[in-house]
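[1] Give me coordinates for this.
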Amino acid sequence: MTNVLIVGAASAIAEATARLFAEEGCRLFLVGRRAERLAVLCDDLKSRGAEQTASHELDMNDFEGHEAMLAAAENSIGPIDIAYIAHGTLPDQKACQDDVDLTLQEFRTNALSTIALLTRLANDFERRRTGTIAVITSVAGDRGRESNYVYGAAKAAVDSYLEGMRQRLHKSGVRVVTIKPGFVDTPMTAAFDKGLLWAKPDAVAQRIHRAITKGGDVIYVPAFWRLIMLVIRSIPRRIFKAIKL
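    Numbering: from 1, shown residues only. Below is the predicted model:
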């Protein structure tokens, strides 16, 4: 039986992925900020086939609460086989430019809270010499752009951290999966106009679940974003700084 920790479980992508784990009969431990929402999710996932569900209310910016959360997860479902980290926010770039405190808060949420949790998880998984750690970052981390560089910088920091952690944990048989979604139609992106490049959470979740369970180090979802970001990264800086992206 597979024990799965899902952080940011109430996000649309995480919820869709959790359903796939539930259908496999996994034990699920859900972490998020809203206890009532987590309770509803637990009931739904149990009805879909999860062997066991439990939840823990936590704002991931409460770094001191991470240790207690991980202890609660192990006490509830046993040693974690898969840690899936999916929490985050999409900041207003213009508002961040005008407010130092907001910029730092968004960086704390989208980078430091994940890095703090990963530090604890890596040590535990390395000691046990088994398991998979999967983290949602973003294609925005591939190159800083005027429209969202606060968010992009935070995701780039997590990307780099995961790359080093992957190299370290490979020796212990622990897998580290970096998940880079492009545009996904979720409540977090409700204000955006949607087009051909936008994907639905269920389709994204299918690809994520496959990477976590079947293999993969760095995945772009949908896969065509790998090519798009290759092109964007290849634009010479003298040209890049003059265009709007």
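
[2] by contact count, what packs against the host helix or strand of Glu126?
    Following DSSP states H and E, one finds Glu126 within helix 113-128. Packed against helix 113-128 by the contact rule (3 or more Cβ pairs under 8 Å, 6 or more residues apart in numbering; DSSP states H and E) you find helix 66-77, strand 82-85, strand 132-136, helix 149-170. Every residue, glycine included, has its C-beta placed from N, CA and C.

[3] wait, is Val176 part of a helix?
    No: looking at Val176 with DSSP: H, G, I helix; E, B strand; the rest coil, it is strand, so not inside a helix.

[4] Confirm for me that it is in contact with Ile133.
    Yes: Val176 lies in contact with Ile133 (Cβ atoms under 8 Å); the separation is 5.1 Å.

[5] who touches both of the two?
    165, 169 (Cβ atoms under 8 Å, 6 or more residues apart in numbering).

[6] Okay, buried residues for the helix holding Glu126 please.
    113-118, 121-122, 124-126 (16 or more other Cβ atoms under 10 Å).

[7] Please render those as CSV that adds pLDDT to the earlier fields.
    CSV is the format used below for the buried residues of helix 113-128 (pLDDT from 0 to 100):
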residue, pLDDT
Ser113, 98
Thr114, 98
Ile115, 98
Ala116, 98
Leu117, 98
Leu118, 98
Leu121, 98
Ala122, 98
Asp124, 97
Phe125, 98
Glu126, 98
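
[8] From those, pick the one nearest Arg37.
    Ser113 (18.9 Å; Cβ to Cβ).

[9] Report the separation between the residue nearest to the closest one when sequence neighbours are not counted and Leu112.
    Nearest residue to Ser113, sequence neighbours excluded (Cβ to Cβ, 6 or more residues apart in numbering): Met60, at 4.1 Å. Distance of Met60 to Leu112, computed by Cβ to Cβ, to the nearest Å: 9 Å.

[10] The two: who's more crowded?
    Comparing Met60 with Leu112 by other Cβ atoms under 10 Å, the one with more neighbours is Met60, at 23 against 17.

[11] three-state assignment of the more buried one?
    Per three-state DSSP, the local secondary structure of Met60 is coil.

[12] That one against Thr109, yeah?
    Yes: the criterion here is Cβ under 8 Å, and Met60 meets it with Thr109 at 7.3 Å.

[13] What score does the residue sitting furthest away from the middle of the chain have for pLDDT?
    Distance from the centre of the chain peaks at Arg238, with 32.6 Å (Cα atoms, centre = their mean). As predicted, Arg238 sits at a pLDDT of 96.

[14] Same check on Ala191?
    Looking at Ala191, its pLDDT stands at 78.

[15] so what's the backbone phi/psi at it?
    Dihedral pair for Ala191: phi -80, psi -10, per degrees, to the nearest 10.

[16] how much space between Ala54 and Cys42?
    7 Å.

[17] Kindly apply the preceding question to Leu30 instead.
    6 Å.

[18] again, but for Phe192
    30 Å.

[19] Same question for Ala156.
    34 Å.

[20] I figured His87 hits Asn61, correct?
    No: in terms of Cβ under 8 Å, His87 does not count as a neighbour of Asn61; the distance is 9.6 Å.

[21] Tell me the confidence at Met1?
    At Met1, pLDDT is 86.

[22] From what I see, it and Phe21 are in contact.
    No: using Cβ under 8 Å, Met1 makes no contact with Phe21, being 11.2 Å away.

[23] circling back: residue contacts, the residue nearest to Ser113?
    Contact partners of Met60, counting by Cβ under 8 Å, 6+ apart, are 7-8, 31, 66, 87, 109, 113-114, 117.
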